[in-house]
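Participant: When you get a sec, could you give me coordinates for this:
(one chain, ligands or ions: 3)
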Amino acid sequence: MGKFQVMDHPLIQHKLTIIRNKNCGTKVFREVVDEITTLMAYDVARDMPLEDVEIETPIAKMTAKTLSGKKVAVVPILRAGIGMVDGILKLIPAAKVGHIGMYRDEETLEPHEYFVKLPADIEQRQVFVVDPMLATGGSAIMAIDALKKRGATNIKFVCLVSAPEGVKALREKHPDVDIYAAALDDHLNEDGYIVPGLGDAGDRLFGTK
Ligand SMILES: O=P(O)(O)OC[C@H]1O[C@H](OP(=O)(O)OP(=O)(O)O)[C@H](O)[C@@H]1O
Ligand SMILES: O=c1cc[nH]c(=O)[nH]1
Ligand SMILES: [Mg+2]
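Facilitator: Ligands and ions are numbered 1, 2, ... in the order given. Okay, the predicted model is just below:
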């Protein structure tokens, strides 16, 4: 079973409180989502493989460590996942970016896929799927289905706020996928929103409401 890790570093908790606040405007919301994602990326990348290289410091020759050229793809679930892409690229600038478009029907809460564009060699890449919200889990499950259908095998899911319902569903459907969240909240309300959550992440990021 893949792991479920809540990254509750004080800096992450502090910044999450800023964006949970309903008085946080679009500009700050976008900036702080970016900062939290970078803080999370540091630990999500912890098991990236290293290899030895021979270098010379100004003082001596040495055998030093370097990332082993393992290829990474960051795949945001549109729209809200877009807000988390740059935060990872800051630390892993050579990563390629794929996109999966998904919207949740407001009545049924069923996810609908409307766009998939991935790096051609996705099957060779460590994939970081990003989306701020893991609510029922339907969108994440369908996005990971789409990735696996196209050959991806090495997938991690990174979100900001998760609900117990979504964590359970995603782990049942994709037990091989590690899940990283900045918080595990209490429950979903009757409209499928995470409580206490942060509201509609896409609308808050892009100012569409
Ligand atoms: O776990 P689930 O129940 O599937 O809900 C989570 C999804 O809902 C939101 O997207 P939304 O459908 O609002 O699209 P948007 O990002 O374009 O606003 C969010 O960004 C997730 O993708
Ligand atoms: O609370 C929620 C649930 C789904 N999508 C969001 O943007 N927020
Ligand atoms: Mg939305």
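Participant: When you work out contacts or count neighbours from here on, use the C-alpha atoms and nothing else.
Facilitator: OK.
Participant: what about Lys96, neighbour count?
Facilitator: For Lys96, the count of nearby residues is 19 (other C-alpha atoms under 10 Å).
Participant: So it sits against Lys70, correct?
Facilitator: No: at 11.7 Å, Lys96 and Lys70 do not qualify as touching, with contact defined as C-alpha atoms under 8 Å.
Participant: longest strand in this structure, by residue count?
Facilitator: When every strand of the chain is counted residue by residue (DSSP state E), the longest turns out to be strand 154-162.
Participant: can you give me the strands in the protein?
Facilitator: Along the chain, the stretches classed as strands by DSSP E are 4-6, 50-56, 61-67, 72-78, 96-97, 99-104, 111-117, 126-130, 133-134, 154-162, 178-184, 187-188, 194-195.
Participant: quick one: which of those strands is nearest Lys209?
Facilitator: Ranking the strands of the chain by distance to Lys209, with C-alpha to C-alpha as the measure, places strand 99-104 first at 15.8 Å.
Participant: Determine how far stretch 23-32 lies from the middle of the whole chain.
Facilitator: Taking C-alpha atoms, centre = their mean, to the nearest Å, one finds the center of stretch 23-32 at 18 Å from the center of the full chain.
Participant: do that stretch and ligand 1 meet?
Facilitator: No: applying C-alpha under 6 Å from any ligand atom, one finds stretch 23-32 separated from ligand 1 by no less than 13.5 Å.
Participant: so Ala152 touches Ile122, yeah?
Facilitator: Yes: assessed by C-alpha under 8 Å, Ala152 is found in contact with Ile122 at 5.7 Å.
Participant: coming back round to it: does ligand 1 sit close to the longest strand of the chain?
Facilitator: No: interface with ligand 1: strand 154-162 contributes nothing (C-alpha under 6 Å from any ligand atom), its closest point being 8.4 Å away.
Participant: How about residues contacting that strand?
Facilitator: 125-135, 140, 144, 176-185, 194, 197-198 (C-alpha atoms under 8 Å, 6 or more residues apart in numbering).
Participant: quick check: angle from that strand to strand 126-130?
Facilitator: In this structure, strand 154-162 runs at an angle of 20 degrees to strand 126-130, with axes from the mean of the first three to the mean of the last three C-alpha atoms, to 10 degrees as the basis.
Participant: tell me the angle of strand 154-162 relative to strand 72-78?
Facilitator: Per the same axes, to 10 degrees, the angle that strand 154-162 makes with strand 72-78 is 40 degrees.
Participant: Return the distance of strand 154-162 from the chain's centre.
Facilitator: For strand 154-162, the distance between its averaged C-alpha position and the chain's averaged C-alpha position is 4 Å (C-alpha atoms, centre = their mean).
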